[in-house]
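1. Sharing a sequence plus its predicted fold:
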Amino acid sequence: MIRFSRLELEHLAKALVMLSFAFAIANSGIRGIFSSLFIIVFVIAALTLGLGFVAHELAHKLVAQRHGCFAEFRANMQMLLVAVAMSFLGFFFAAPGGVVIGGNMTRKAAVRISSAGILANLAVAVGFFVTGIFAKGTGVLGLIASEGYMINSWLAIFNILPLWGFDGEKIMGYDRRTYWIVASLCAFVALLQFVV
């Protein structure tokens, strides 16, 4: 069973609210903040980006705990404030924090833990994609499904990049074969929109 501390839940809540707020500002513009539609944009951000963020971090945490490691999410408040500030310029980029993991890990465990977040985003993206197929022409639900699919596809692609500190860099360092399998899954899910 997944275990949380009170501090961790506070950090998750802060990160979720600030990410959703920043994303809503970036999509609404500064004038949009004072619009009655801003709350709707914020809720859509929480349901799409927020769900992807929480799924990603909890997947890391769950797999790490299953391998006997300490694992708790910690928000990076400085980077969250940067995300909010940048959103006023119409640009969204966020590094909201991550799961702090402690304990002895085998290479296999490290690959599984690093892959888990990306695979969670892919699962959420596919869920939104399937919902979108059945929700075409339904207005808000169709919009949420489309946004959720795109955002989570991009979150997976972003995280699989083999750059410093990203999940992709960790996976590549431990197991190149797994890296290319997960990267191929990311590409497949991102291209689904062009197939169906």
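-> Sure, I can see it. Residues are numbered from 1 along each chain as shown.

2. quick one, domains of this protein?
-> Per automatic domain parsing, the structural domains of the chain span 1-104, 106-196.

3. would CSV of those domains with mean neighbour count and mean pLDDT be doable?
-> All C-beta atoms are positioned from the backbone trio N, CA, C, and that covers glycine. Formatted as CSV, these follow (neighbours: other Cβ atoms under 10 Å; pLDDT from 0 to 100):
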stretch, mean neighbour count, mean pLDDT
domain 1-104, 17, 90
domain 106-196, 18, 92
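
4. show me the contacts for the residue nearest to residue 28 when sequence neighbours are not counted.
-> Computed as Cβ to Cβ, 6 or more residues apart in numbering, the closest residue to residue 28 that is not its neighbour in sequence is residue 41, at 5.1 Å. The contact partners of residue 41, by Cβ atoms under 8 Å, 6 or more residues apart in numbering, come to 24, 27-28, 32.

5. can you check residue 121 too?
-> With Cβ under 8 Å, 6+ apart, residue 121 has these contacts: 52, 55-56, 152-153, 155-156, 159.

6. Grab the nearest non-local neighbour of the residue nearest the centre of the chain.
-> Among the residues of the chain, the one closest to the centroid is residue 53, at 3.2 Å (Cα atoms, centre = their mean). Nearest residue to residue 53, sequence neighbours excluded (Cβ to Cβ, 6+ apart): residue 19, at 5.8 Å.

7. before we move on, which element is that neighbour in?
-> Of the helices and strands defined by DSSP states H and E, residue 19 is found in helix 6-28.

8. In three-state terms, how would residue 163 be classified?
-> Three-state call for residue 163 (DSSP: H, G, I helix; E, B strand; the rest coil): coil.

9. nope, residue 32 is what I was after
-> Put simply, residue 32 is helix when judged by three-state DSSP.
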